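In: Just a sequence and a predicted model for now, questions to come.
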Protein chains: 2
Amino acid sequence: MRVLGIDPGLTRCGLGVVDGRPGRAGMVAVGVIRTPSDRDTGERLLYLEDNLTTWVRRFEPDVVAIERVFADVNVASVMTTAHATAIALLVAAKAGVPVAFHTPTEVKAAVTGDGRAGKAQVTQMVTSILKLTEQPRPADAADALALAICHTWRGGTEIRYAAAAARAGGPR
Amino acid sequence: MRVLGIDPGLTRCGLGVVDGRPGRAGMVAVGVIRTPSDRDTGERLLYLEDNLTTWVRRFEPDVVAIERVFADVNVASVMTTAHATAIALLVAAKAGVPVAFHTPTEVKAAVTGDGRAGKAQVTQMVTSILKLTEQPRPADAADALALAICHTWRGGTEIRYAAAAARAGGPR
């Protein structure tokens, strides 16, 4: 399963592509889209759409995993994140790629075993799991890879459940 | 000046097109986009993008006026509204149409003289200002027309200021 993890944002949108199955994951690509801060929000969203579309076309993910954000932090940053998330949803829908959401707690728990792990610990575990020779930077890129790993772990489990259910003659 | 007012939403996105200048306004079109509630958010955003694009192409507004929403109400509805707003910004940017934001208080004050006016009062004043034979429904459609009227009033003032400044040899 190939997963494109997206840590949505306008200033920095983290992207990480991972091929894997539960217990195994290999990095295909990692990067960050930075939209021009001197432009209107609409132009920045257009820029984001173009670049996300390029990533989806180039890497052809089976699923897009997006960080689910809650509105309990800074109001302005939540609105911007929600705007960027909408563009990611739109691009995935246009490409016919299903989308899964994971909370930051789920992602941290999946890669470190601790839902309250810090950014440094997440980056360290991502580097270790993917056997990278150096830590992915910035943190948004590492977060996107962590999201993709998380979905590979969890998504894979769901697929195994589905296969078991099918063998048992239950609902698919 | 032709203004497309957009009251962003996924369940109902209100649209109102108004031609006018300060003190005068005539309705060109009014409507509501309802996206299918049984579909994924991404598909609903895609549907919204398609329909908004059709409106922008058909009516060729000089400016798009969008309601600025604050995150002090229901969290889930704010996220959905922010998603719909992002699509409106994207569609306007693709068409090269500038976007202006107005708060609900500004809109209510512009059409009724009272920033705390209720929905019924706003609808009544919109009907009166545009000399409509019946009240626009649902409320989202009336709100979109109110937004467009508000921008016609306020935007027109800014344009007059700019013209006066140009005559005076000041900055444009």
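Out: Arrived safely, thanks for sending. For clarity, every value in this text was computed on a predicted model and none was experimentally measured. Numbers count the residues shown, from 1 in each chain, chains lettered A, B, ... in the order given.
In: Isn't A:Arg21 up against A:Ile149?
Out: No: using C-beta atoms under 8 Å, A:Arg21 is not in contact with A:Ile149; the gap is 11.2 Å. Glycine gets a C-beta too; all of them are placed from N, C-alpha and C.
In: Which one's more surrounded, these two?
Out: Comparing A:Arg21 with A:Ile149 by other C-beta atoms under 10 Å in any protein chain shown, the one with more neighbours is A:Ile149, at 26 against 14.
In: Mind telling me what element that one is part of?
Out: In this structure, A:Ile149 sits in helix A:139-167 according to DSSP states H and E.
In: do A:Gly26 as well
Out: Assigned by DSSP H and E, A:Gly26 falls in strand A:24-33.
In: does chain B sit close to the helix or strand following that strand?
Out: Toward the C-terminal end, the helix or strand that comes next after strand A:24-33 (DSSP H and E) is helix A:41-59. Yes: using C-beta under 8 Å from any C-beta of the partner chain, helix A:41-59 reaches chain B at A:Thr41, A:Gly42, A:Glu43, A:Leu45, A:Leu46, A:Glu49.
In: from what I can see the fourth one touches A:Thr80, true?
Out: Spelled out, that is A:Leu45. No: counting by C-beta under 8 Å, A:Thr80 is not a contact partner of A:Leu45; they are 10.0 Å apart.
In: Comparing the two, which residue is more hemmed in?
Out: A direct count of neighbours by other C-beta under 10 Å for A:Leu45 and A:Thr80 places A:Leu45 higher, at 29 against 20.
In: hmm, back to that, let's see if you can find the most crowded of the residues of helix A:41-59 next to chain B.
Out: A:Leu45 leads the residues of helix A:41-59 next to chain B on contacts (other C-beta under 10 Å) with 29 neighbours.
In: Which one of the residues of helix A:41-59 next to chain B is nearest to B:Gly115?
Out: A:Thr41 (25.0 Å; C-beta to C-beta).
In: hang on, that closest one packs against B:Leu89?
Out: Yes: with contact defined as C-beta under 8 Å, A:Thr41 reaches B:Leu89; the gap is 5.5 Å.
In: got any ranges where chain A has weak pLDDT?
Out: A:70-75, A:155-172 (pLDDT under 70).
In: near chain B, which residues of chain A?
Out: A:40-43, A:45-46, A:49, A:70-72, A:75, A:78-79, A:82-87, A:89-90, A:92-94, A:99.
In: same thing but at 7 Å, please
Out: Taking C-beta under 7 Å from any C-beta of the partner chain as the contact definition, chain A meets chain B at A:40-43, A:45-46, A:49, A:71, A:75, A:78-79, A:82-83, A:85-87, A:89-90, A:92-94, A:99.
In: does the closest residue to A:Leu46 other than its chain neighbours belong to a helix or a strand, and which?
Out: Nearest residue to A:Leu46, sequence neighbours excluded (C-beta to C-beta, 6 or more residues apart in numbering or on different chains): B:Ala93, at 4.5 Å. For B:Ala93, the element it lies in under DSSP H and E is helix B:75-95.
In: How about residues contacting that helix?
Out: A:40-43, A:45-46, A:49, A:71, A:79, A:82-83, A:85-87, A:90, B:6, B:8-10, B:13, B:41, B:45, B:48-49, B:52-53, B:56, B:64, B:66, B:69, B:71, B:99 (C-beta atoms under 7 Å, 6 or more residues apart in numbering or on different chains).
In: That helix versus helix B:41-59: what angle between them?
Out: Relative orientation of helix B:75-95 versus helix B:41-59 (axes from the mean of the first three to the mean of the last three C-alpha atoms, to 10 degrees): 40 degrees.
In: any idea which helix or strand comes after helix B:75-95?
Out: strand B:99-102.
In: tell me which strands and helices that following strand is in contact with?
Out: strand B:63-67, helix B:139-167 (3 or more C-beta pairs under 7 Å, 6 or more residues apart in numbering or on different chains; DSSP states H and E).
In: mind checking how far the first one is from the chain centre?
Out: Right, strand B:63-67. 4 Å (C-alpha atoms, centre = their mean, to the nearest Å).
In: same question, stretch A:140-155
Out: On C-alpha atoms, centre = their mean, the centre of stretch A:140-155 falls 5 Å from the chain's centre.
In: Could you do stretch A:2-22 as well?
Out: Worked out by C-alpha atoms, centre = their mean, stretch A:2-22 lies 3 Å from the chain centre.
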